[in-house]
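Engineer: Next input, structure requested:
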Amino acid sequence: MNTNLSVVNRDFTGVRVMIDSPLAFDEVSGRLRALMGKTTLQEIIALAETAISEEEYVRKANELIGESGFALFAEIDHGGWLQKFGIKQRIVRLIFGNPLVAVTMIRHESTAGLFVPVELLMTEDKDGKGTCVFYVRPSSLIMVEDNPPLLTAARALDKKVEALIDRATTA
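Structural biologist: Just a heads-up that it's a prediction; the model follows:
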């Protein structure tokens, strides 16, 4: 290793949450998509180039955000490529967020940007009747040191994520 570099290793523990829903995969997936706006991270970043002011950025960003307070940025269909290896299960990873929520954390600690946007994984039960949704509680990743304003913002994000997933998975 280059001796001119300073390297700090910091252990921390993330909290993985699993919600086991009796709802079919298509139902949960459809609900999640209906609750979120759809855009790309590139579009969110490009808003900063076209918005004249912070107020205009906020207005334009809010136009892209769904009723849940989130927008879907990207999707990875693991189930699609895993079939080539004999795994016949639908598994989809969603990457979603809101730049107006992200800034509430990043303004207190720039490294919070490592864990926003948020991700979740949906897996279809092997019998095809239910769905599991997994995610890592954002505050458990974002909070490494004592920072009360960051903790408040991260816990607010936790609640928004929980509300989204609850609406999508509750029968």
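
Engineer: C-alpha only now, for contacts and for neighbours.
Structural biologist: Fine.

Engineer: what is residue 16 paired to in the beta sheet?
Structural biologist: Going by DSSP bridges, residue 16 is paired in beta bridges with residue 136.

Engineer: Equivalent analysis for residue 120, please.
Structural biologist: residue 94, residue 135.

Engineer: can you start the count at 32 instead of 1 from here on
Structural biologist: Sure thing, new numbering starts at 32, so read that last one as residue 151.

Engineer: if I read this right, it contacts residue 163, doesn't it?
Structural biologist: No. Contact between residue 151 and residue 163 fails when scored by Cα atoms under 8 Å: they sit 10.2 Å apart.

Engineer: Which residues in the one helix or strand residue 75 maps to does the neighbour count mark as buried?
Structural biologist: Residue 75 belongs to helix 72-81 when assigned by DSSP states H and E. Judged by neighbour count (16 or more other Cα atoms under 10 Å), helix 72-81 contains these buried residues: 72, 75, 78-79.

Engineer: Can you name the two of those residues that sit furthest apart?
Structural biologist: Largest separation among the buried residues of helix 72-81 by Cα to Cα: 72 and 79, giving 11.6 Å.

Engineer: Point to the residue nearest the middle of this structure.
Structural biologist: residue 149 (1.9 Å; Cα atoms, centre = their mean).

Engineer: Identify the residues contacting that residue.
Structural biologist: Residues counted as contacts of residue 149 (Cα atoms under 8 Å, 6 or more residues apart in numbering) are 126-128, 169.
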